[in-house]
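K.L.:
here is a sequence with its predicted model. Questions after.
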Amino acid sequence: MPDTVITGPTAQTTDPETYKALHADATALLEGWQPTSPDAASARDRTLALLAAGPVAMSRQHRPGHVTASALVLDSTGSRVLLCLHVKFGRWVQLGGHCEPVDQTLVAAALREATEESGIAGLRIDPVPIDVDVHQVQCQGGSAHHDVRFAVIAPPSAVEQVSDEAEELGWFPPDQLPEPLAGGTVQLVAPALAALRRSPLRLAP
């Protein structure tokens with residue numbers, strides 16, 4: 001699959017129709033997805049129920065909950081994963097965040113977030129989700145993130161740059177993840193490595 005091109009600035013909006021195309025993409029993607037675990041299946045069903053509210057479910061303004069996109073970044077050999085020590089959470093977590101009006105697909109949203117937060121050019125993404133997770137957050141005074149997760153592959157020459165949202169970025173072996181680790185991050189490792197093995201984006205034998 002060709003790399004997704006990121007263009008234009010991100011911006012917040014209160015008009016739910018801005019997210020119409022993204023909402024349609026998220027609904028179709030999750031309806032056709034084969035969950036990677038029983039927990040992911042339950043979260044997928046909860047997210048599809050949330051999406052019944054319409055495009056507003058893609059916006060951070062939707063207090064009952066909103067869809068987010070994140071990515072577990074692997075190096076080209078699958079021997080390391082890139083995590084960030086998040087400024088607000090104080091825990092190591094995969095890269096990702098809120099959808100923005102510029103995002104036309106969840107794949108594009110996840111790739112944009114991974115690129116912005118890692119500073120790495122040339123990331124490539126497997127378009128099949130590896131997990132869906134629902135968890136409570138403090139957005140809008142209390143909400144839920146319905147997070148759709150993807151595997152992203154870094155080029156061999158990747159050099160990360162810490163963004164404003166991270167205290168630190170680090171590469172770690174999949175079986176030696178750092179502490180404190182955000183809940184739900186460890187469950188991404190196995191399906192991400194499986195995606196790397198099956199994906200045409202794989203860069204190493």
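P.N.:
Happy to help now that I have it.
K.L.:
the residue nearest the centre of the chain bridge partners, please.
P.N.:
The centroid of the chain falls nearest to S70 when counting by C-alpha atoms, centre = their mean (1.0 Å). On the basis of DSSP bridges, S70 is bridged to G96, R149.
K.L.:
so what's it up against?
P.N.:
94-97, 110, 113, 147-150 (C-beta atoms under 8 Å, 6 or more residues apart in numbering). For the C-beta atoms, the positions are set from N, CA and C on the backbone; glycine is no exception.
K.L.:
okay if I get those as a markdown table plus distance to K20, neighbour count and pLDDT?
P.N.:
Output for those, formatted as a markdown table (distance: C-beta to C-beta, whole Å; neighbours: other C-beta atoms under 10 Å; pLDDT from 0 to 100):
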| residue | distance to K20 | neighbour count | pLDDT |
| --- | --- | --- | --- |
| Q94 | 27 | 28 | 97 |
| L95 | 26 | 27 | 97 |
| G96 | 22 | 23 | 95 |
| G97 | 21 | 20 | 93 |
| A110 | 19 | 33 | 97 |
| E113 | 21 | 26 | 96 |
| D147 | 21 | 24 | 98 |
| V148 | 18 | 29 | 98 |
| R149 | 23 | 27 | 98 |
| F150 | 22 | 29 | 97 |
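K.L.:
on that earlier part again, how close does the residue nearest to the centre of the chain get to S157?
P.N.:
Going from S70 to S157 by C-beta to C-beta, to the nearest Å gives 24 Å.
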